[in-house]
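J.: Need the 3D shape of this:
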Amino acid sequence: MNGLGSVIIISGPSGAGKSTAIRRILEIRKDVYFSVSATTRAKRPGEIDGVNYLFVSQETFDGMVERGELLEHAGYVNHCYGTPALPVKEALEKGQTVLLDIEVQGAVRIKSVIPEAVLVFLIPSRLSTLRKRLSERSTEEPEVVENRIKTAMVELEQICNYDYVVFNDDLQEAVRELDAIITAARCRRSIRAPQIETTM
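T.: Now for the predicted structure:
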């Protein structure tokens, strides 16, 4: 994909605090566009269709895949997730930083399509914190929590594919680090050099 914008992919296990951290980033930065993923999972309490996710049926999701409307798609804990391609393309052409919340399979796929994408892995420094957060949600059965912990262990094996690791033990500090990464990505030569006015 061409354009003057940057792509920042944030991954991390369920319970890592990705949604909260991204929401804080969107509050403090007006140059960031959050790409809303499509998913077949049900809405959780407080989630809004079109804001947190595009909540679609399996049939609708399959149609998006068949028509080539998704930049990437993958299965995650018995549900499907995908990134609509058109909004990402339009945001990049406007020079915006595109923020994507994508699991590790999708992140690697997007990196193959957009090599300059910056991959950030967000996670608490202790998995015991992750287990505590998932248990305190009270929206999932204990076996689902255990399944998510097992998935987190598998995801950690892919951390070598990431450019940065941000520990979300303290939300304010995690947001500061994410903000710094976004600024650094916008200052890369590949982004800034084409913007230099050379007319004397």
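
J.: just the helices in the protein please.
T.: 18-28, 58-66, 85-93, 104-113, 127-137, 142-156, 171-186, 189-192 (DSSP state H).

J.: With respect to Glu72, which of those helices lies nearest?
T.: helix 104-113 (4.1 Å; C-beta to C-beta). No exception for glycine: its C-beta is placed from N, CA and C like everyone else's.

J.: So which bits of that closest one are buried?
T.: Neighbour counts over helix 104-113 (16 or more other C-beta atoms under 10 Å) mark 104-111 as buried.

J.: cool, stretch 151-162 as well?
T.: Within stretch 151-162, the residues that count as buried by 16+ other C-beta under 10 Å are 151-152, 155, 158, 162.

J.: Any regions of the chain where pLDDT drops low?
T.: Low-confidence segments of the chain, defined by pLDDT under 70: 1-3, 138-140.

J.: picking that back up, using CSV, lay out the buried residues of stretch 151-162 together with distance to Ser14.
T.: Shown next, in CSV, are these (distance: C-beta to C-beta, whole Å):
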residue, distance to Ser14
Thr151, 7
Ala152, 7
Glu155, 10
Gln158, 15
Tyr162, 17
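
J.: Closest one of those to Ala21?
T.: For the buried residues of stretch 151-162, the nearest to Ala21 is Tyr162 (15.3 Å; C-beta to C-beta).

J.: check contacts around the residue nearest to the spatial centre of the chain.
T.: Centroid-nearest residue in the chain: Asp101, 1.4 Å away (criterion: C-alpha atoms, centre = their mean). By C-beta atoms under 8 Å, 6 or more residues apart in numbering, the contact list for Asp101 reads 10-11, 18-19, 22, 34-35, 37.

J.: want to throw those into CSV with distance to Leu54?
T.: Below are the contacts of Asp101 laid out as CSV (distance: C-beta to C-beta, whole Å):
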residue, distance to Leu54
Ile10, 18
Ser11, 19
Lys18, 17
Ser19, 15
Ile22, 16
Phe34, 12
Ser35, 10
Ser37, 7
